[in-house]
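[1] have a look; sequence and predicted model below, questions after that.
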Amino acid sequence: MKKTILLSLIILFSCKDFGNPMVIENSNNYLDVQLIFDENCMGCHYTGSGLISYQSYQDVISGGSVGSESSSSSLYDRITRQESEQGDMPPAGSLTTQQIELIESWINAGALLEW
């Protein structure tokens, strides 16, 4: 009986996608977040585009979309909307769960250049 329970737990946890928490735990720099912006946002959100720019740390912070915590962040709101909802970002498809969690952690840590 104990072997059956143990085997069931092993199977359960090996099949569950918990993401990669090491990505977030080892991220201690805004550059990790900037890479996400570079790959997914810079096609539209660059300095001079008329939109909020995600080209540099200063642009991101001064643009006003970050907020003091993820629950008040328009950036976080937009990246967590369903693809079918108006205003979801990026429009080409959703970020991965890991990317969203990294941005959420960064915002909740104070959106610092290094944290």
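    Done, it's in. Given the structure is predicted, the values throughout are model-derived calculations rather than measurements.
[2] Gly63 and Ile52 touch, don't they?
    Yes: when contacts are counted by C-beta atoms under 8 Å, Gly63 is listed as touching Ile52 (3.9 Å). For glycine as for every other residue, the C-beta is placed from the backbone atoms N, C-alpha and C.
[3] excluding its backbone neighbours, what's nearest Ile36?
    Nearest non-adjacent residue to Ile36, counting by C-beta to C-beta, 6 or more residues apart in numbering: Gln99, 5.0 Å away.
[4] helix or strand for the one you found, just tell me which one.
    helix 97-108 (DSSP states H and E).
[5] now do the contacts for the spatially most central residue of the chain.
    The residue lying closest to the centre of the chain (C-alpha atoms, centre = their mean) is Ile100, at 2.3 Å. Listed by C-beta atoms under 8 Å, 6 or more residues apart in numbering, the contact partners of Ile100 are Ile79, Thr80.
[6] how much space is there between it and Asp77?
    Distance, Ile100 to Asp77, by C-beta to C-beta, to the nearest Å: 11 Å.
[7] can you list the weak-confidence ranges in the chain?
    Filtered on pLDDT under 70, the chain yields the residue ranges 1-28, 115.
[8] where do the helices sit along it?
    2-15, 21-26, 30-40, 57-62, 74-80, 97-108 (DSSP state H).
[9] so the last one versus helix 30-40, what angle?
    The reference is to helix 97-108. 130 degrees (axes from the mean of the first three to the mean of the last three C-alpha atoms, to 10 degrees).
[10] would you mind writing the CA trace of helix 97-108 as PDB?
    Extracted in PDB, the C-alpha atoms of helix 97-108 (Å, rounded to 0.1, in the frame of the first residue of the first chain):
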ATOM      1  CA  THR A  97       4.100  31.300 -17.700                       C
ATOM      2  CA  GLN A  98       7.700  31.600 -16.700                       C
ATOM      3  CA  GLN A  99       8.100  35.000 -18.500                       C
ATOM      4  CA  ILE A 100       4.900  36.300 -16.800                       C
ATOM      5  CA  GLU A 101       6.100  35.000 -13.400                       C
ATOM      6  CA  LEU A 102       9.500  36.700 -13.900                       C
ATOM      7  CA  ILE A 103       7.900  40.000 -14.700                       C
ATOM      8  CA  GLU A 104       5.400  39.700 -11.800                       C
ATOM      9  CA  SER A 105       8.300  38.900  -9.400                       C
ATOM     10  CA  TRP A 106      10.300  41.900 -10.800                       C
ATOM     11  CA  ILE A 107       7.300  44.300 -10.300                       C
ATOM     12  CA  ASN A 108       6.600  43.000  -6.800                       C
END
